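Trainee: Using only what follows, build the 3D model:
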Amino acid sequence: GVLSNGNACSCGGDTNCSSDGGAGSSTGGGIDISAARCVYAFAPASAVVPDAVTPKSNDVRGWAAVARSGLSTTPSGNCQTGGTTATKAVAMATSVAPASLSTHSKAQAMSEDAVQQQLQLLLSSSLDDLYRTRMAQVGTHAKLIPQTFCFEMRVGGKVQNILEGLVLHRQVLAADEQRVLLAFVNRLCALGHERQLVGRTFSAPSKWKRGKGRVTIQMGCCYNYATDRQGNPPGILREDRVCGMPPMLHDVIDRMVQRGIFSPLTRPDSCIINFYSEGDCIPPHIDSHDFQRPFVTLSLASQQSIIFGKDIAIVADGEFSAPFEVELPTGSVLVLNGNGADVAKHCIPAVKKKRVSITFRKIGDKAQMRPFQGPHGLEGGPIGRQLLSGR
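Mentor: Numbers count the residues shown, from 1 in each chain. The predicted structure follows:
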């Protein structure tokens, strides 16, 4: 379609859109769209919009491609089909395109030899060695404008953007930094398999069916995702000792503070590292309020997608159906806050390649605990006492 102001509309050609915020009308017929207002992606009339980002109006994954394309979006009013307000959601995409600014870090880049030397050292590092390892800055960093998202639905009788507060920061870590950090967490995982990580830091469930083999390392605190064999309900287990976050991960958090992702007040004090093998997934959920908002996920090893929706259908083991999809490039950080954390559910469909993610979060006040510290978790635990020994 073409707007009255001359801009090209990437609605797929079977939808007419107004440019003044009025209603858009569908002439394609047979489109079952949802609850709310659609957000269309626009490009200048002179722009060539690839087929990959000009989906048909009922092509959900096509609209997810618009989200990934970086085209900015503008709400164009209520979508209508045959004069009737729409009743099933179709994802339509992002509001801020990732664009590079001219400023770059002036830090001295490490040589490839230095990177290789650090990678070799990490292969055989002890746990105490890892807690003496720091993140050296490698290369330069283009400061990219963060990407935000908009998908409006009717929730509780009110139309709202269920992705408000969802922000994607690209290239937070350079490629070589990712290599070093990946080697670091892989060594932690190896030590976990060797039973050298304290308490409930490490978990490696048997993969009894597709999607159920994800290995995790929890640091700072242990969160119980389901009622366990001891009868503990879901929630933070204040007395179950885990390793504290190592300096390497605090260095990564420092990088995020520099990028404005965290403030000193929201700086995280705990994390979970997820190791996915092919076919592993995370089912639909909203994260517990045992943790403050925002929380963030750093992606490593392979690019994968995360999907969002007010409701997410389980199609099969590791397969889910949701109206909005965001690709997570390696080295990127996804911030979940506001409606993006508390209204929209999210999940990771079965991954196609090995993937590692680190979700950083801050323990909430209601947990009444300090994060565990150090390689053996000897400090921290319930407020009111120092935990020097325990489970």
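
Trainee: where along the stretch 201-350 of the chain do the helices fall?
Mentor: Secondary structure of the stretch 201-350 of the chain (DSSP state H, counting those that start in this stretch): helices at 247-258, 338-342.

Trainee: and among these, the most buried is which?
Mentor: Mean neighbour count (mean count of other Cβ atoms under 10 Å) peaks for helix 338-342 among the helices of the stretch 201-350 of the chain, with a mean of 19. To be clear about C-beta, it is placed using only N, CA and C from the backbone, and glycine gets the same treatment.

Trainee: would you turn the helices of the stretch 201-350 of the chain into CSV with mean pLDDT?
Mentor: Output for those, formatted as CSV (pLDDT from 0 to 100):
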stretch, mean pLDDT
helix 247-258, 95
helix 338-342, 98
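
Trainee: Now distance to Ala226 too, for these, in a markdown table please.
Mentor: Shown next, in a markdown table, are those (distance: least, Cβ to Cβ, whole Å):
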| stretch | distance to Ala226 |
| --- | --- |
| helix 247-258 | 26 |
| helix 338-342 | 21 |
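
Trainee: how much space is there between Thr148 and Cys347?
Mentor: Thr148 sits at a distance of 20 Å from Cys347 (criterion: Cβ to Cβ, to the nearest Å).

Trainee: Ala174 now?
Mentor: Ala174 is 29 Å from Cys347, by Cβ to Cβ.

Trainee: my guess is Ser321 contacts Pro284, does it?
Mentor: No - under the criterion of Cβ atoms under 8 Å, Ser321 makes no contact with Pro284, lying 10.0 Å away.

Trainee: Residues in contact with both of the two, list them for me.
Mentor: Shared contacts of Ser321 and Pro284 (Cβ atoms under 8 Å, 6 or more residues apart in numbering): Ile312.

Trainee: So the two - more neighbours on which side?
Mentor: Higher neighbour count among Ser321 and Pro284: Pro284, with 19 against 13, using other Cβ atoms under 10 Å.

Trainee: And the strands in the stretch 251-391 of the chain?
Mentor: Using DSSP state E, counting those that start in this stretch, the strands found in the stretch 251-391 of the chain span residues 270-276, 282-285, 295-300, 304-309, 313-316, 319-321, 324-328, 333-336, 345-348, 355-361, 369-373, 379-382.

Trainee: which other residues reach the fourth one?
Mentor: In other words, strand 304-309. 64, 89, 151, 162-163, 166, 276, 284, 297, 320, 322-328, 334, 340, 344-349, 351-353, 355.

Trainee: Quick one: the strands of the stretch 251-391 of the chain as CSV, columns for mean pLDDT too.
Mentor: Shown next, in CSV, are the strands of the stretch 251-391 of the chain (pLDDT from 0 to 100):
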stretch, mean pLDDT
strand 270-276, 98
strand 282-285, 96
strand 295-300, 98
strand 304-309, 98
strand 313-316, 95
strand 319-321, 95
strand 324-328, 98
strand 333-336, 98
strand 345-348, 98
strand 355-361, 98
strand 369-373, 97
strand 379-382, 95
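
Trainee: I'd like to know which of these is closest to Asp128.
Mentor: Taking Cβ to Cβ, strand 369-373 is the member of the strands of the stretch 251-391 of the chain nearest to Asp128, at 14.0 Å.

Trainee: Can you point out the buried residues in the longest helix seen in the chain?
Mentor: Criterion DSSP state H: the longest helix present in the chain is helix 175-193. The neighbour-count check on helix 175-193 (16 or more other Cβ atoms under 10 Å) flags 176-189, 191-192 as buried.
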